[in-house]
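Visitor: Output the structure for:
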Amino acid sequence: MTKISLIAAIDEKNGLGKNNKLLCYLPADLQHFKSITMGKPVIMGRKTYDSIGRPLPGRQNIVLSRRTTAIEGVQVVDTLEKALALTSAEPEIMIIGGAMLYKETLPYASKIYLTVIHHHFDADVFFPKLDPSIWHCEEKVFRKQDDKNNYDVTFCCYQRIEQQRNNIRLSKK
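Guide: Predicted coordinates for the structure are as follows:
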């Protein structure tokens, strides 16, 4: 059984980004992201990969795209099922964006790592709203803005309350 976890940075209105870019540059969040995802498979949509511009080192990179053109250092697949099949032996996989992939995988996720940026940005893509009857914030760490990070943030780790959806069974295709 593979555990699916989502990781994202959002503003106070659930905004994820604008014009295929992150809302802001926060070194503290990038370090947090790296510490959580390092050594784990990461699954992302094509637009997310394009915005990153390269494979993330130290991680199995899987890009979900209708166009399955080969990308060096990345496995490109055209369905979520194929992406999950590539990671079926892993204990945890990380969904790192974008908005459509978050929405598609949220029903199967057991954990969500959210960085909440305490600001309102003019976003054009959004993270799905979390139902408090399904998700519980089990860990919350506040970080004040500093010389390198222009906004206050809260790192939240949400755990699914509904235990029956903690894992999904992956069929080998």
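Visitor: which residues of the chain fall in strands?
Guide: 3-11, 15-18, 21-22, 42-45, 61-64, 75-77, 92-95, 111-117, 125-126, 135-143, 153-160 (DSSP state E).
Visitor: which residue sits farthest out from the middle of the chain?
Guide: The C-alpha centroid of the chain is most remote from Asp147, which lies 26.2 Å away (CA atoms, centre = their mean).
Visitor: Could you check how far that residue is from Ala28?
Guide: Computed as CB to CB, to the nearest Å, the Asp147 to Ala28 distance reads 11 Å. Where C-beta positions appear, they are placed from N, C-alpha and C, glycine not excepted.
Visitor: What of Pro132?
Guide: Relative to Ala28, and taking CB to CB, Pro132 is found at 26 Å.
Visitor: neighbour count winner among these two?
Guide: Applying other CB atoms under 10 Å to Pro132 and Ala28 shows that Ala28 carries more neighbours, namely 16 against 10.
Visitor: Just the CA atoms from the top helix by length along the chain would do, formatted as CSV, please.
Guide: Secondary structure of the chain per DSSP state H: the longest helix is helix 27-37. Output in CSV follows, covering the C-alpha atoms of helix 27-37 (Å, rounded to 0.1, in the frame of the first residue of the first chain):
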residue,chain,number,x,y,z
PRO,A,27,13.6,30.2,1.1
ALA,A,28,12.2,28.8,4.3
ASP,A,29,9.3,27.1,2.4
LEU,A,30,11.7,25.8,-0.3
GLN,A,31,13.8,24.2,2.5
HIS,A,32,10.7,22.8,4.1
PHE,A,33,9.6,21.3,0.8
LYS,A,34,13.0,19.8,0.2
SER,A,35,13.2,18.2,3.6
ILE,A,36,9.8,16.6,3.2
THR,A,37,10.2,15.4,-0.4
